[in-house]
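K.L.:
structure, please.
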Amino acid sequence: MTEGKIAVNRLRSVLLKDKLNMSEGFMRALRNDVGRVLSYYMSLRGDGIEVFIDGTSDGYTVRIKATAEDIKQIRAI
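P.N.:
Numbering: from 1, shown residues only. Modelled structure (predicted):
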């Protein structure tokens, strides 16, 4: 990804967070919670989890990007 695209994505993220009235603390807590849930089922890489939220008049679209090294085997009842 070029530096220009990174800057555009960063600006888009800042403007969207401002529009949706989400603080950085909220996003950090959301990333931590999502990471905790995913780690029950997968061995995640340490490069972090990305959360993208897009708002429209119909609601929100939430996309999560994470990389897993392995799927954990869990026993079902």
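K.L.:
which parts of this protein are strands?
P.N.:
Taking DSSP state E as the test, the strands found in the chain are 42-44, 50-56, 59-65, 68-71.
K.L.:
what segments of this structure are helices?
P.N.:
Counting by DSSP state H, the chain has helices at residues 3-20, 24-41.
K.L.:
for the residue nearest the centre of the chain, list each beta-bridge partner.
P.N.:
Nearest residue to the geometric centre of the chain (C-alpha atoms, centre = their mean): Val51, 1.5 Å. Partner residues in beta bridges with Val51, using DSSP bridges, are Ile64.
K.L.:
Ala66 is in contact with that one, correct?
P.N.:
No - contact criterion C-beta atoms under 8 Å: Val51 and Ala66 do not qualify, at 9.3 Å. Yep, even glycine has a C-beta here, placed from its N, CA and C like the rest.
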